[in-house]
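1. Sequence and predicted structure, then a few things I'm wondering about:
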Amino acid sequence: MLGFLKSQAATSGSTVSCPFLQIFVLLPLHPSRFIWFRHLCHLNLHRRSSDFYSNKEKMAVEITEFLLSAQSADVKVRTEAEGRLRQFQEQNLPGFLLSLSLELSNDGKPMESRRLAGIVLKNSLYAKDATTKEHLLHRWVSNDVSLRSQIKVLLLNTLGSSVSEAGHTAAQVIAKIASIEIPRKEWPELIASLLGNMTQQDKPASMKHATLEALGYVCEEISHNDLVQDEVNSVLTAVVQGMNVTEQTSVRLAATAALYNALDFAQTNFENEHERNYIMKVVCETAMAKEADIRQAAFECLVSIASTYYDVLEPYMQTLFELTANAVKGDEEGVALQAIEFWSSICDEEIELQDFESGETGDSYPHSRFIEKALPLLVPMLLETLLKQDEDQDQEDDIWNLAMAGGTCLGLVARTVADAIVPLVMPFVQENISKPDWRSREAATYAFGSILEGPSVEKLSPMVISALEFLLNAMRDQNSHVKDTTAWTLSRIFELLHSPAAGFSVISPANLQKIMAVLLESIKDSPHVAEKVCGAIYYLAQGYEGFESSSSVLTPYLPEIISSLIATAERTDASDTKLRSAAYETLNEVVRCSNLVESSQIITQLLPVIMNKLGQTIELQILSSDDREKQGDLQALLCGVMQVIIQKLSSADGSKPIILQAADQIMMLFLKVFACRSSTVHEEAMLAIGALAYATGPDFEKYMPEFYKYLEVGLQNFEEYQVCSISVGVVGDICRALDDKMLPYCDNIMALLLKDLSSGDLHRSVKPPIFSCFGDMALAIGEHFEKYVPYAMPMMQGAAELCAQIDINDEEMVEYGNQLKRSIFEAYSGILQGFKNSKAEIMLPHAPHLLKFIEVVVKDAHREESVARAAVAVLGDVADALGSNVKTLFKDMAFCSEFLGECLQSEDEQLKETATWTQGMIGRVFSVCG
């Protein structure tokens, strides 16, 4: 027998149209309105009893009526029922949870009440928000062990319910409890209990189905490290047996879905050739099942295997190609899509392997080059899928069909094999590009656009230059699908093959005129075509960024480009706001990348136009929440344009006065926008104000009394944490603008920043910018920062200690750790420089901790280059600010010279420059001291 497991099923479950579902997480205590209900809240929950049912009777309450009423269409009935259930939950949580479990487990109860009981029970154990999730975990484990055991027994019994939906719901709840208890080693018997349902011959198919679902969900929730290998072996054996052709269809489907989730647990099993062969045999046989949904689930397993076990696939690739090719050519779309996804996953693996090979690590990885070997057969198969378009695929965002999947995979193949794909694709393009059938023309264009990333510029440029004229003419095709794909292809050409600063571009003065004429005409086409044209203009403008020339060839076209984009943004024939967003984002890029010497007058003329449009949004009549949302979205876009204009015009002395003259009016507009109270606008308006503060410098002081109240609101916005993060960044912008004129606001701002850091409710991503903000404030107010040091330093040192505890196997946490390290160093740098000329000795007691932290970071193999730059900079700041006082410390820090030597050898010029400065500062410490 085999020995395997990790099943994970999507936690999609039944939903009930009921606002009541939202209330069973972290609720405030409400006063009782139902006197008779109080007896529920005074049960003796701590009395020990050996009689399971006796204990249940004392704790559990009949709640069927209230669960049904909580779903009533009658608002009054529903509200009353919600209130009673809420009160029960708040004042007697153990009894509430047990009552829900009894309801779910009782086959004599209505399915409507059982369904809601299960959903509420699951929501009492799990939440997406990390803080709430942690609270629910602690709340569950604080319950009496005997109570938790009762609930778990009821749930396990419910897997055998004759009502399949009840078993399905119980499986989900079991997984949520498992996610809490198994990592804590508190439910060791769970896997054995589930496996018992699979091995006993007399168990009905419905129980096997629900049990396999539970195994899958459990494997989704826990780590493969939470199970010992014997448990993994048993689970995999049970799952693979469930896939047997002799089992009922529902059981086979659940087993295949469970295997998908169990594959992460099967590492040891895939290392064993015998077990691996058996798993692959079962999966491949299941991929040929009579039922399409089972075949699709099997191909989903193959996709996961391609990603997880690429290095052992060689013996199976011939069979896998035949399976996938047959599915793509003749199976139902859901199955065919997964077959294509298999090859996309292989591409992803090989692209990643090539990235490793091209790196400097010297590490060797097994690279079987499956795509290269399959190329002659794989590419024709993918090209055929491009002809299977849907009539309405361009109009709907959520459509994903064979043509789209095939084109995406073709693009990945191009990135994998580079130039080798071109001769295999171009005959298809040439054969189909002029056919009368629109599907052929669109497929040819899509194929051409899909292979533009991967092959060399030398290989593509001649081909693209010769095709450009044809593509421009195709923008007048009678079919909108062809025009849509042609516009997308043009945007790809401009993104990938138009970089004058790098010395290559398919655009020349000779063809630019026609390109602009076609784009500015096509932007008037149907909304979905116009949106792609916006993308083409975006990349066309971006390509000229950084091109050092006294004159930009795009400048003569700027007035018409800008007016066309504004007109596009105002179109009323688009069913959603995507076109408007695309138009304004493109306008931003056109302004940002323009040659300011030539375009300052054009941008100056644009400024009052955008200001006027922003002013008009404030006057809009708001009659509904939908109106408010639309107003907010438009204001956000316009504030974004304002930000770019302010940054562009203030970047040169010649045009900066334009912003200074308009600053009062601009600020007044932003303040009116804030008054609209839309969080989306809050973000964009904050960013624009940060740009205005940078532009106006010390003159920004006059806006602070009125603006500060909005800044304070932003700093306290824990729920919309992006707003809070941006507000923190704006504090830094204002500090740099005002210097010591910031002083009157610092007490309140520091209090808010310290409160933010102390909060467990605030998203962690906001905390690194707060430390950076400490540095900005210290630089601005200098010696006046002294009174904040006793509060700031413990926070910074605590965060430094947290960095040392980060799990290096968690990529997300490693990235967060790098952000945190960088921000702590920036805080220290700002504080040291702020005290440098007056009270540097304040930082002497903190220098040893800082140097030790630098040493820990330097020895971290996972640190990013930006962290190294911040570390070497703060090292120099210590020497610069504290001078001879730290000579002894530096003598004891042997890592310093080694770290500096490493930085001085870096290819990063900025890092080398900073290291050279730091070396000089440390050298000065020792030379002054003798």
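-> Right, received. Where do you want to start? The model shown is predicted, which means the values in this text are computed figures rather than measured ones.

2. Low-confidence stretches in this protein?
-> Applying pLDDT under 70 to the chain picks out residues 1-60, 357-366, 393-398, 547-550, 576, 678-681, 892, 928-930.

3. in it, which spans are strands?
-> Taking DSSP state E, the strands of the chain run over residues 498-499, 504-505.

4. and the gap between the residue nearest to Leu687 when sequence neighbours are not counted and Leu519?
-> Residue nearest to Leu687 in three dimensions, not counting chain neighbours: Gln643, with 5.3 Å by Cβ to Cβ, 6 or more residues apart in numbering. For glycine as for every other residue, the C-beta is placed from the backbone atoms N, C-alpha and C. Separation of Gln643 from Leu519 (Cβ to Cβ, to the nearest Å): 25 Å.

5. Next: Ala487.
-> Applying Cβ to Cβ, the value for Ala487 to Leu519 is 8 Å.

6. who has more neighbours, the two?
-> Set Ala487 next to Leu519 and count neighbours by other Cβ atoms under 10 Å: Ala487 wins out with 30 against 23.

7. Can you name the residues that contact the more buried one?
-> Contact analysis of Ala487 by Cβ atoms under 8 Å, 6 or more residues apart in numbering lists 475, 522, 529, 532-533, 535-536.

8. Spatially, which residue comes closest to it, not counting chain neighbours?
-> Among residues not flanking Ala487 along the chain, Lys532 sits closest, at 3.5 Å (Cβ to Cβ, 6+ apart).

9. cool, Asp739 as well?
-> Ala780 (5.0 Å).

10. Also Leu190?
-> Closest to Leu190 by Cβ to Cβ, 6+ apart is Ala178, at 6.0 Å.

11. Quick one: neighbours of the one you found, just the number.
-> Ala178 has 24 nearby residues by other Cβ under 10 Å.

12. got it, and the one 10 residues further on?
-> Applying other Cβ under 10 Å, we find 11 other residues in the vicinity of Pro188.

13. quick revisit: wait, which of the contacts of Ala487 is closest to Ala339?
-> Within these, the smallest distance to Ala339 is 28.5 Å, found for Lys532 (Cβ to Cβ).

14. The residue nearest to Leu190 contacts Cys219, correct?
-> No. Using Cβ atoms under 8 Å, Ala178 is not in contact with Cys219, being 9.3 Å away.

15. Could I get the contacting residues of Leu93?
-> Shown in contact with Leu93 (Cβ under 8 Å, 6+ apart): 139, 143.

16. State the distance from it to Thr169.
-> Leu93 is 20 Å from Thr169, by Cβ to Cβ.

17. before we move on, the earlier item: just name the most buried of the strands of the chain.
-> Stretch with highest mean neighbour count among those: strand 498-499 (a mean of 18; mean count of other Cβ atoms under 10 Å).

18. I'd like to know which elements that one is packed against.
-> Applying 3 or more Cβ pairs under 8 Å, 6 or more residues apart in numbering; DSSP states H and E, one finds that strand 498-499 contacts helix 527-543.

19. hmm, try it at 10 Å
-> When contacts are defined as 3 or more Cβ pairs under 10 Å, 6 or more residues apart in numbering; DSSP states H and E, strand 498-499 packs onto strand 504-505, helix 527-543.

20. now, of these, which is deepest in the fold?
-> Among the helices and strands packed on strand 498-499, helix 527-543 has the highest mean neighbour count (mean count of other Cβ under 10 Å), at a mean of 24.

21. Now do that one: which elements does it pack against?
-> Short answer (3+ Cβ pairs under 10 Å, 6+ apart): helix 527-543 packs on helix 480-496, strand 498-499, helix 509-522, helix 558-569, helix 578-592.

22. what residues does the shortest one touch?
-> Pointing back at strand 498-499 there. With contact meaning Cβ atoms under 10 Å, 6 or more residues apart in numbering, strand 498-499 is reached by 457, 464, 504-507, 539-540, 542-547.

23. repeat for stretch 831-841
-> Contacts for stretch 831-841 (Cβ under 10 Å, 6+ apart): 774-786, 788-789, 792-793, 796, 842-843, 846-847, 850, 874, 876-883, 885.

24. Of these, just the buried ones, ChimeraX syntax please.
-> Burial among the contacts of stretch 831-841 is assessed by 16 or more other Cβ atoms under 10 Å; the matching ChimeraX selection reads:
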select :774,775,776,777,778,779,780,781,782,783,784,785,786,788,789,792,793,796,842,843,846,847,850,874,876,877,878,879,880,881,882,883,885
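
25. how much space between the residue positioned nearest the centre of the chain and Asp860?
-> Central residue of the chain (Cα atoms, centre = their mean): Glu812, 10.3 Å from the mean position. To Asp860, Glu812 is 16 Å away according to Cβ to Cβ.

26. right, and Thr308 touches Ala262 too?
-> No. The pair Thr308 / Ala262 is not scored as a contact, 11.1 Å apart, by Cβ atoms under 10 Å.

27. How many neighbouring residues does Leu137 have?
-> By other Cβ under 10 Å, neighbour count at Leu137 equals 19.

28. One more: Leu669?
-> Neighbourhood size, Leu669 [other Cβ under 10 Å]: 24.

29. same deal with Ala292?
-> By other Cβ under 10 Å, 13 other residues sit near Ala292.

30. ditto for the one 10 residues further on
-> Here the count is done by other Cβ under 10 Å, and Leu302 has 24 residues near it.

31. ok now do it, which residues does it touch?
-> 260, 280, 283-284, 286-287, 313, 316, 320, 323-324, 338-339, 341-342, 345.

32. Distance-wise, check it relative to Ala861.
-> Separation of Leu302 from Ala861 (Cβ to Cβ): 34 Å.

33. now do Glu332
-> Taken as Cβ to Cβ, the span from Glu332 to Ala861 is 48 Å.

34. more neighbours, the two?
-> Remark: of Glu332 and Ala861, Glu332 carries more neighbours, 12 against 5, as counted by other Cβ under 10 Å.

35. Now the more buried one: closest residue in space that isn't a chain neighbour?
-> Closest residue to Glu332 apart from its sequence neighbours, by Cβ to Cβ, 6+ apart: Ala292 at 4.7 Å.

36. any idea where the helices of the stretch 101-250 of the chain begin and end?
-> 111-123, 130-141, 145-158, 164-181, 190-199, 205-221, 229-242, 249-262 (DSSP state H, counting those that start in this stretch).

37. Tell me which of the ones you listed lies nearest to Leu711.
-> Among the helices of the stretch 101-250 of the chain, helix 130-141 comes nearest to Leu711, with 24.4 Å by Cβ to Cβ.

38. Would you mind listing the buried residues in that closest one?
-> Neighbour-count burial for helix 130-141, counted by 16+ other Cβ under 10 Å, picks out 131, 136-137, 139-140.

39. which secondary structure elements does it contact?
-> Helices and strands touching helix 130-141, by 3+ Cβ pairs under 10 Å, 6+ apart, are helix 93-105, helix 145-158, helix 164-181.

40. okay, the angle between that helix and helix 93-105?
-> Interaxial angle, helix 130-141 versus helix 93-105 (axes from the mean of the first three to the mean of the last three Cα atoms, to 10 degrees): 90 degrees.

41. orientation of helix 130-141 relative to helix 164-181 in degrees?
-> Angle, helix 130-141 to helix 164-181, by the same axes, to 10 degrees: 100 degrees.

42. Contact partners for the residue nearest to Glu221 when sequence neighbours are not counted?
-> In space, and not counting its chain neighbours, Glu221 is closest to Ser179: 3.6 Å by Cβ to Cβ, 6+ apart. Ser179 makes contact with 125-126, 133, 137, 217-218, 220-223, 226, according to Cβ under 10 Å, 6+ apart.

43. Put the buried members of those into a PyMOL selection.
-> Listed next is the PyMOL selection for buried residues among these, using 16+ other Cβ under 10 Å:
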select buried, resi 125+126+137+217+218+220+221+222+226
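
44. Closest one to His367 out of the contacts of Ser179, please.
-> Nearest to His367 among those: Ser223, at 28.5 Å, using Cβ to Cβ.

45. What sits closest to that closest one if chain neighbours are left out?
-> Pro183 is the one closest to Ser223 (Cβ to Cβ, 6+ apart), at 7.2 Å.
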